[in-house]
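K.L.:
here is my input; please provide its structure:
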Amino acid sequence: MVCVAVNYIWGERNARRFQGKSQTAVNLKSRLVKELPRYLQLQIRGIPDTPVLKALVGRFGIITDFRAKTFIHCTWTRPLQGTIKLNYDAAVKADGSGFGGLLRTSEGHVVCAYSGKGLSSSVYQQELNAVHKGIQLAKDQGFSKIEIASDSLGVIRTINRMEDPPWDCQDQVREIREIAVWFEEIRFYHAFRETNRTTDYLAGIGVEADNFICFIAPFPVELCIILEEDMNNKVYLRFHQY
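P.N.:
Model prediction:
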């Protein structure tokens, strides 16, 4: 829509400057209103099926196909037998920043859960803090095979050498990679946010924490509920992105 308006305004400007011709603002507006629906009709191809968009399209008299919302079914996935799994997350709020992580076995049992407070207000930096601490804990406990999952695609892509890290995070990324080579098997991959609820909860605790916390059973009730749901393969519904 902006393109149509700018095109007409620029055309009017050129006509006045180079041809000595002009038209009133009312005429220009009238032409623009007539042209806009034709432009939109050519540009719009399949839009989400919502009442608001239907009403807007109807006002312009545009004929198009509407896409119904679809869902993706997702669950927390267990690691392979003999492999430990690390989920981690970060939180940045008005009152502080934090991170959290969780190591679980293929049966879904918790080996270690942790939360920490960070000084940086960067979510990316807190995500690095979370994975750094998590793989160090896994190494210290002697696990040789590990999977690392997070809903932060940027950090995952950086660790997998698909993207370069910000300059102020390069040293920590290097340290993470140095720890990673110690493991016999290690894999970093993306997980949907809906399946990362445990560490979202732990990261929130990290915001309020004064020091690094390593939890031992019994865990907080809210965390236990989420862990139980994950062990029972709770299915989450995620809106499909258009």
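K.L.:
wait, Asp151 sits on Arg197?
P.N.:
No. Counting by Cβ atoms under 8 Å, Asp151 does not reach Arg197; the two are 10.1 Å apart. Just so you know, the C-beta spots here come from the backbone N, C-alpha and C atoms, and that holds for glycine as well.
K.L.:
quick one: residues contacting Trp167.
P.N.:
Listed by Cβ atoms under 8 Å, 6 or more residues apart in numbering, Trp167 has no contact partners.
K.L.:
so who does Lys93 touch?
P.N.:
By Cβ under 8 Å, 6+ apart, the neighbours of Lys93 are Val207.
K.L.:
I meant to write Ser120 there.
P.N.:
Neighbouring residues of Ser120 by Cβ under 8 Å, 6+ apart: 97, 126.
K.L.:
helix, strand, or coil at it?
P.N.:
Secondary structure, DSSP: H, G, I helix; E, B strand; the rest coil: Ser120 is coil.
K.L.:
do you know how far it is from Ser97?
P.N.:
Taken as Cβ to Cβ, to the nearest Å, the spacing of Ser120 relative to Ser97 amounts to 6 Å.
K.L.:
now do the shared contacts for the two.
P.N.:
Gln126.
K.L.:
and the helices in this structure, which stretches?
P.N.:
2-14, 25-43, 51-60, 123-140, 153-159, 170-180, 197-208, 221-231 (DSSP state H).
K.L.:
among those helices, which comes closest to Cys214?
P.N.:
Closest to Cys214 of the helices of the chain, according to Cβ to Cβ: helix 123-140, at 7.8 Å.
K.L.:
put the alpha carbons of the closest one into CSV.
P.N.:
In CSV, the C-alpha atoms belonging to helix 123-140 read as follows (Å, rounded to 0.1, in the frame of the first residue of the first chain):
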residue,chain,number,x,y,z
VAL,A,123,19.4,-13.1,26.0
TYR,A,124,22.1,-14.5,23.7
GLN,A,125,24.8,-14.1,26.4
GLN,A,126,22.6,-15.7,29.0
GLU,A,127,21.9,-18.6,26.7
LEU,A,128,25.7,-19.1,26.3
ASN,A,129,26.0,-19.0,30.1
ALA,A,130,23.4,-21.7,30.4
VAL,A,131,24.9,-24.1,27.9
HIS,A,132,28.4,-23.4,29.1
LYS,A,133,27.5,-24.4,32.7
GLY,A,134,25.4,-27.4,31.5
ILE,A,135,28.1,-29.1,29.5
GLN,A,136,30.7,-28.4,32.2
LEU,A,137,28.5,-30.1,34.7
ALA,A,138,27.9,-33.1,32.4
LYS,A,139,31.7,-33.4,31.8
ASP,A,140,32.4,-33.1,35.6
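K.L.:
list the helices and strands that helix packs on?
P.N.:
Here helix 123-140 touches strand 84-93, strand 96-104, strand 110-118, strand 145-150, helix 153-159, helix 170-180, helix 197-208, going by 3 or more Cβ pairs under 8 Å, 6 or more residues apart in numbering; DSSP states H and E.
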